[in-house]
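Trainee: Need a 3D model of the sequence below.
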Amino acid sequence: MLKKLMKTWPYLLITVILTGTLGMLEGYMMIRLMNLLDLALSKQMHMFKTYSLELLSYALMLVPLAIAATLSKNLFKKKANESMKYYYLEGIYGKNINEFHAQNNAKYLSTLTNDFNTIEMKLIDSLYMIIDFGTVFVAGLWMIWTVNPWFALIGLGLVTVNTTITVLSNKPINKQTKLRSDLFETYTGYIKEVLSAFHIIKNNNLYSRIKDNFRKQSETLQHKGYLIDRMLTYVYGAQNLSSDLMVLIVIGIAGYFALTGRGTVGSVLLAVEGMYRILWPINMISEAMPGLLSTKGIIEKIEETLKNTVEYEEHEEEASLKEAIYFERVTFAYEGQEAILDEVDVTFKKGGKYLIIGPSGGGKSTLLKLLRKYFNPIKGTIWIDHKPLKGIKKEAYFRKITNVEQKVFLFEDTLRNNLTLYKDYSEEEIWAALTKAGLKEFVKTHEGGLDYMIYEDGKNVSGGEKSRIAIARGLLEHADLILLDEAFSALDYDKAREIEQSLLELEDVTVIHISHVLFREHEEQYDGIYMVKNKKVYPYKKTPMIAS
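Mentor: Below you'll find the model as predicted:
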């Protein structure tokens, strides 16, 4: 992720140049201002007027320069945030589907909100702060160098002391910050669960229990934040003490020089102002550095969430189904469990229609997950024509298949966009898919028709209508392979039978359908009916109705 941040270096470079120019110009003005003060005290009016006009011209230059520096900072911050968040989103969608689902979504939500907010404040803002105050610091060193080089060495000594304190405190603060990030992840997951179970909590009077758990988790999280703030307070206290001591030393020496006639009033004030310009940036940078360094643990954690534990090189671009998909002695087991499929051999021919039945937990959905490329077999091979499915690139394969899940997700968008999934289809294609999926009347009876607005995850659409929308998507995409997982479970008997008939009539499309019901009148139209049971897949004898 840091590599993505570094790609914004042109914006950072512009910020450094503008901010550095602004800081050095302000430092130069202060030197000239103190010279102006000495000229006034010595009553050299001609030189005083010349210096005054020069300072006025520099002051006018500061205004546009300050605006440009601020704008460049904001642009850098915008680009840096966008770059890292795009990187993370791309990384999420690079996850294997099974590994993504194995994680609680709260992990990703917490990262995109809490962790990225922390990175913005403690990394991006701190990085700019170090640049900004770094230029002020250099200008301050220049100012006191013109008074006495030894003052500049004292300023560098101050930097050394505060940097040492920062380095020593970094490890414990970094550890606590990472622990707090983990707590935020747990807390986000808990909040998500509580809100999702709102009706259960209300109906069963569980609020008092939820309230107690919420208080405990909140207190734990806040306490961890308190510990980090307390550690930082000690660090800042030590840094401020060293800074104050060195300022007193410089002011004392400068005052002594003035009293003994080895310095002017202007030089004393310049030394004081220069030391302030060293002290203030060092304090601000010292406060920023522990936070900036503490983001290391968070970034490592973010990178960890994007890793796939199972990696396999996919090299085949072509995924079209021309002959058949067949399982050759395929064995599969979920991690830490015994095999759910054992040496399975089954063939699905191009354009064939197949029904998969069997008892709950027998392996039907697992068979479909293997076909969807969510998992790879632990033994044996799934072939598409003469190519191992394992070696075909996911992006190429997913373009050739349509999944109709039992739980259908709908975007908060128009019916049209939920059907087309933002792809271009003609009106004739859309209406043909709607008719076959039994949605024609649904569209006609709702105001707006295809532009009817569907709320978040289809809250204003029935379960049966959701299933029909998903089926219409598959019909619309003209996929080589349609995979259905209990797609008719939310439909009434007649509508389910009608839609199944539409699927059976599709030409050159392979349909593999997991269901607990076989319609007797459709039995002869299937090219194969298979029972998944006892870790095997068997051809099933035809029967009027089969229940799981």
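
Trainee: helix, strand or coil for Y326?
Mentor: strand (DSSP: H, G, I helix; E, B strand; the rest coil).

Trainee: and it, what does it touch?
Mentor: D345, V346, T347, F348, I382, W383 (Cβ atoms under 8 Å, 6 or more residues apart in numbering). In this view, the C-beta of every residue, glycine as well, is placed from N, C-alpha and C.

Trainee: Could you measure from it over to K387?
Mentor: 12 Å (Cβ to Cβ, to the nearest Å).

Trainee: just checking, L33 touches E54?
Mentor: No - with contact defined as Cβ atoms under 8 Å, L33 does not reach E54; the gap is 10.5 Å.

Trainee: neighbour-wise, which of those two wins?
Mentor: Set side by side, L33 and E54 show more neighbours around L33, with 17 against 13, by other Cβ atoms under 10 Å.

Trainee: measure the closest residue to the more buried one other than its chain neighbours to F409 for me?
Mentor: Spatial nearest neighbour of L33, excluding adjacent residues (Cβ to Cβ, 6 or more residues apart in numbering): L55 at 6.4 Å. Noted for L55: a distance of 66 Å to F409, by Cβ to Cβ.

Trainee: Tell me which of these two has more neighbours.
Mentor: More crowded of L55 and F409, by other Cβ under 10 Å: L55, with 16 against 10.

Trainee: Give me the residues contacting the helix or strand hosting K3.
Mentor: In this assignment (DSSP states H and E), K3 forms part of helix 2-6. Here helix 2-6 makes contact (Cβ under 8 Å, 6+ apart) with A80, S83, M84, Y86, Y87, L123, I124, I299.

Trainee: nearest to E427, of the residues you listed?
Mentor: E427 has its nearest neighbour among the contacts of helix 2-6 in Y86, at 34.7 Å by Cβ to Cβ.

Trainee: Now stretch 1-17: buried residues?
Mentor: For stretch 1-17, a neighbour-count test (16 or more other Cβ atoms under 10 Å) marks M1, K4, L5, T8, Y11, L12, I14, T15, V16 as buried.

Trainee: same thing with stretch 21-41?
Mentor: For stretch 21-41, a neighbour-count test (16+ other Cβ under 10 Å) marks 22-23, 25-27, 29-31, 33-40 as buried.

Trainee: Next one: the closest residue to R399 other than its chain neighbours from H513, what distance?
Mentor: Spatial nearest neighbour of R399, excluding adjacent residues (Cβ to Cβ, 6+ apart): A319 at 7.0 Å. Distance of A319 to H513, computed by Cβ to Cβ: 21 Å.

Trainee: Buried ones among the contacts of Y326?
Mentor: The buried subset of the contacts of Y326 (16+ other Cβ under 10 Å) comprises V346, F348, I382, W383.

Trainee: Within the helices and strands, which one has the second one?
Mentor: F348 belongs to strand 341-349 when assigned by DSSP H and E.

Trainee: how far off strand 341-349 does the helix or strand that that strand is followed by point, in degrees?
Mentor: Using DSSP H and E, the next helix or strand after strand 341-349 towards the C-terminus is strand 353-357. Computed by axes from the mean of the first three to the mean of the last three Cα atoms, to 10 degrees, the angle separating strand 353-357 from strand 341-349 equals 160 degrees.

Trainee: ok, then the element right after strand 353-357?
Mentor: helix 364-371.

Trainee: What is the very next helix or strand once past that following helix packed up against?
Mentor: Downstream of helix 364-371, the first helix or strand assigned by DSSP H and E is strand 379-384. Secondary-structure packing of strand 379-384 (3 or more Cβ pairs under 8 Å, 6 or more residues apart in numbering; DSSP states H and E): strand 324-332, strand 341-349.

Trainee: chain center to the first one: distance?
Mentor: Translated: strand 324-332. 36 Å (Cα atoms, centre = their mean, to the nearest Å).

Trainee: who does that strand pair up with?
Mentor: Strand pairing for strand 324-332, determined by DSSP bridges: strand 341-349 (antiparallel), strand 379-384 (antiparallel).

Trainee: mind putting those in a markdown table, distance to N98 included?
Mentor: Shown next, in a markdown table, are the strands paired with strand 324-332 (distance: least, Cβ to Cβ, whole Å):
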| stretch | distance to N98 |
| --- | --- |
| strand 341-349 | 15 |
| strand 379-384 | 15 |
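
Trainee: would you turn the ones you listed into a markdown table with mean pLDDT?
Mentor: Shown next, in a markdown table, are these (pLDDT from 0 to 100):
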| stretch | mean pLDDT |
| --- | --- |
| strand 341-349 | 93 |
| strand 379-384 | 93 |
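
Trainee: how far out from the middle of the chain is the helix holding K3?
Mentor: 15 Å.

Trainee: Same check on stretch 295-306?
Mentor: With Cα atoms, centre = their mean, you get 11 Å for stretch 295-306.

Trainee: Just the mean pLDDT for that stretch, thanks.
Mentor: Stretch 295-306 carries an average pLDDT of 80.

Trainee: Contacts for that stretch next, please.
Mentor: So stretch 295-306 is in contact with 1-2, 88, 91-92, 94-95, 103, 107-108, 111, 115, 118-119, 122-123, 174-175, 177-178, 181-182, going by Cβ under 8 Å, 6+ apart.

Trainee: any idea how far the nearest residue to L341 once chain neighbours are set aside is from P377?
Mentor: Residue nearest to L341 in three dimensions, not counting chain neighbours: F332, with 4.7 Å by Cβ to Cβ, 6+ apart. Distance of F332 to P377, computed by Cβ to Cβ: 5 Å.

Trainee: Fine by me, thanks again.
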